[in-house]
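Q: Generate a structure from the sequence data that follows.
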Amino acid sequence: MRKAVIFLLTAFLVFSLSNCLSVSSKSIVSQGYKGDILKYNLTIENDGTQRITIRINSFTKYFSPSISQTYFELEKGQSKTITISIYIPDSVESGRYFIPIYITSYLNNVKYEEKTVNLPITVLEVSSSEVINITGFNFKKKIDPRESFTASINVTNNFRDIFFYLTFQVSSEKGIVYNSTRIEHLKLGENQFSQEISLNPLSLPGNYTILVRLQYINELLDEEVGKIEVIGYELPIVEKKEESSILGREIQITLRNLGTLPIENYTLEYCLPFIERYLISSLSQNAKLSNGKVILNVVNLTSGEEITLSIKISYLFLILLPFIVVGIIGLFFLFGKKMKVEKELLEYKMKEGVLEAKIAIKLKNITFRKIKNIKVIDKIPIFVSHLAFATVNGDVDKERRIVEWKFDELKPKEEIIISYKIKTKMEILGKLNFPPCKILFRIGRKVHKTKSNSLVLEPVSKTL
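A: Alright, predicted model coming up:
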């Protein structure tokens, strides 16, 4: 009897809990494009007689649904609505998909019932040719690469508000020279976008292609292509550098072509001070000095090239000039004198206040030519009372108190020594002055004259 009662109670409980879950779904957004979020509301109701626990999850290959609540409890007759959000990734192709939602109920922590709800969604394909178009593409047709320019587009959007990739690109035959991509918000209706474009200032002149592209995720919406002309320009840059020292200085003037066109018929010049014009030690090839200026004519200098005008000034001549002048003066004095004449005192003695002395006159031909018709005239001081010849005899003129010697010629480097003795008859006090002797001679047809040095004697009372 007892077993029968237990069996009846168990059968009643099972019958009362069977099909206790009631699930319904309602579409909020069931179709969209890549990057959109679709939504469903899912309502779960407990139709049984006992409190149950609900767990919800979902596993798909392409989608990762977001469930607002995955775990909750329902009392008898209670219902709950949750939201399922489904993001459409970029990798999904357009088409129709079913998103499985797994619902499991538990009674006293024991799995009791499972249900699966498939939510249908549709990934739409954007038809860019029909819904999004570039209706205007404006830009400057002739460009100086040193200056930026603005390109603008008008876009008609008959699709919906989206975010898209906007690309501006400039390219030449050698490749892309400018590229810019950014994300923009494309509103429904008419839109305008612009881009300030700065090319490399050294872009070579020629025809370039400018492109604008609209891209939605991985899909090309629209693009336009145009042509621009990049013009060339000359940009000569001149730099001057100077280095100085005690020995001289160096000037370097460099011309650089930082433009894109060749520089033709350009003149580099540097004005030199008057003295330095005669002290130039070296110049650059093809440079020349004209009217006090060093000039270098540049016929053609291509883009990126440079040429230098180099001027070297040497101060060595100025440093040596004093020595040269002294040498020239010395040579002039040496060779201008023609004959070397010296008058000197060979010996003397004092005896009881009376002076006896021996005087010599030396003549030397210091030219490379013969000296002829030589006449030596020496004045006899008044204090001399007696004169006697020692080597070469001369003629004495007592009235004029002079003595003369005559020689026919004197060969180059040849030397003659004339000596004579004098004697005073009075006591000498103080200094004695012997005047210089005069010499007359002829070289070729020209008559020259010179004189010797004078002698000053301060006698003492002993023989030197």
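Q: Sketch out the low-pLDDT regions of this protein for me.
A: 1-19, 126-130, 330-337, 426-429, 459-464 (pLDDT under 70).
Q: so where do the helices sit in it?
A: Under the criterion DSSP state H, the chain carries helices at the ranges 2-17, 128-131, 316-337.
Q: my read: residue 134 touches residue 220, true?
A: No - using C-beta atoms under 8 Å, residue 134 is not in contact with residue 220, being 11.6 Å away. Any C-beta I mention is one placed from the backbone N, CA and C, and that applies to glycine too.
Q: Which neighbours do these two have in common?
A: Any residue near both residue 134 and residue 220 by C-beta atoms under 8 Å, 6 or more residues apart in numbering counts here, and that gives residue 214.
Q: who's more crowded, the two?
A: Comparing residue 134 with residue 220 by other C-beta atoms under 10 Å, the one with more neighbours is residue 134, at 17 against 12.
Q: Tell me what the more buried one is bridged to.
A: With beta bridges defined as DSSP bridges, residue 134 has these partners: residue 155.
Q: One more: the one 4 residues further on?
A: With beta bridges defined as DSSP bridges, residue 138 has these partners: residue 152.
Q: and it, how many neighbours?
A: 12.
Q: try residue 166
A: Residue 166 has 19 nearby residues by other C-beta under 10 Å.
Q: quick one: the residue lying closest to it once chain neighbours are set aside and residue 160, what's the gap?
A: Distance criterion C-beta to C-beta, 6 or more residues apart in numbering; nearest residue to residue 166, sequence neighbours excluded, is residue 184 at 4.7 Å. Note on residue 184: its distance to residue 160, by C-beta to C-beta, to the nearest Å, is 15 Å.
Q: How about residue 302?
A: For residue 302, the distance to residue 160 equals 55 Å [C-beta to C-beta].
Q: same check, this time on residue 297
A: Distance check for residue 297 against residue 160: by C-beta to C-beta, it reads 69 Å.
Q: neighbour count winner among residue 302 and residue 160?
A: For residue 302 versus residue 160, neighbours defined as other C-beta under 10 Å are more numerous around residue 160 (14 against 11).
Q: Nearest spatial neighbour of that one, chain-adjacent residues omitted?
A: Excluding the flanking residues, the one nearest residue 160 by C-beta to C-beta, 6+ apart is residue 188, at 5.8 Å.
Q: Report how many residues lie close to that neighbour.
A: 13.
Q: same check, this time on residue 272
A: Residue 272: 17 surrounding residues under other C-beta under 10 Å.
Q: and if you look at the one 3 residues further on?
A: Neighbours of residue 275 under the rule other C-beta under 10 Å: 11.
Q: Now it: closest residue in space, sequence neighbours ignored.
A: Of all residues not flanking residue 275 in the chain, residue 318 sits nearest, at 8.0 Å (C-beta to C-beta, 6+ apart).
Q: Surely the one you found and residue 279 touch.
A: Yes - if you go by C-beta under 8 Å, residue 318 and residue 279 touch, sitting 7.2 Å apart.
Q: Next, show the common contact partners of these two.
A: In contact with both residue 318 and residue 279: no residue, using C-beta under 8 Å, 6+ apart.
Q: Looking at the two, which is more packed in?
A: Taking neighbours as other C-beta under 10 Å, residue 318 and residue 279 compare with residue 279 leading, 17 against 12.
Q: Help me confirm that the more buried one comes into contact with residue 273.
A: No - contact between residue 279 and residue 273 fails when scored by C-beta under 8 Å: they sit 9.4 Å apart.
Q: give me the number of residues near residue 71?
A: Residue 71 sits with 10 neighbouring residues when counted by other C-beta under 10 Å.
Q: so how far is residue 444 from it?
A: For residue 71, the distance to residue 444 (C-beta to C-beta) stands at 140 Å.
Q: go on, residue 232?
A: When distances are taken as C-beta to C-beta, residue 232 and residue 444 turn out to be 77 Å apart.
Q: Please identify which of the two sits among more neighbours.
A: residue 232 (15 against 9).
Q: and the gap between that one and residue 202?
A: Taking C-beta to C-beta as the measure, residue 232 falls 11 Å from residue 202.
Q: Same question for residue 324.
A: 54 Å.
Q: neighbour count winner among these two?
A: Taking other C-beta under 10 Å, residue 324 and residue 202 do not tie; residue 202 has more neighbours (13 against 10).
Q: And for that one, nearest residue in space, chain neighbours not counted?
A: Counting by C-beta to C-beta, 6+ apart, residue 260 is the residue found nearest to residue 202 once chain neighbours are left out, at 6.3 Å.
Q: For the nearest residue to residue 369 once chain neighbours are set aside, the count of nearby residues, please.
A: Nearest residue to residue 369 in three dimensions, chain neighbours excluded: residue 443, at 5.7 Å (C-beta to C-beta, 6+ apart). Residue 443: 16 surrounding residues under other C-beta under 10 Å.
Q: before we move on, what about residue 409?
A: A count of nearby residues for residue 409, using other C-beta under 10 Å, gives 13.
Q: Provide the partner residues of it in its beta bridges.
A: Bridge pairing for residue 409 - DSSP bridges - gives residue 372.
Q: do the same with residue 225
A: Beta-bridge partners, per DSSP bridges, of residue 225: residue 211.
Q: Touching, it and residue 211? I think so.
A: Yes - assessed by C-beta under 8 Å, residue 225 is found in contact with residue 211 at 5.0 Å.
Q: These two: who's more crowded?
A: Taking neighbours as other C-beta under 10 Å, residue 225 and residue 211 compare with residue 211 leading, 17 against 12.
Q: what sits against that one?
A: Contacts for residue 211 (C-beta under 8 Å, 6+ apart) come out as 167, 168, 169, 170, 171, 223, 224, 225, 226.
Q: who's in contact with the first one?
A: Residue 167 makes contact with 179, 180, 181, 211, 212, 213, 215, according to C-beta under 8 Å, 6+ apart.
Q: Turn those into TSV, including distance to residue 105.
A: Compiled in TSV, the contacts of residue 167 are given as follows (distance: C-beta to C-beta, whole Å):
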residue	distance to residue 105
179	58
180	57
181	51
211	59
212	57
213	53
215	47
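Q: out of those, who has the most neighbours?
A: In terms of neighbour count, residue 212 stands highest of the contacts of residue 167 at 22 neighbours, by other C-beta under 10 Å.
Q: May I ask you to confirm that that one is in contact with residue 155?
A: No - if you go by C-beta under 8 Å, residue 212 and residue 155 don't touch, sitting 9.6 Å apart.
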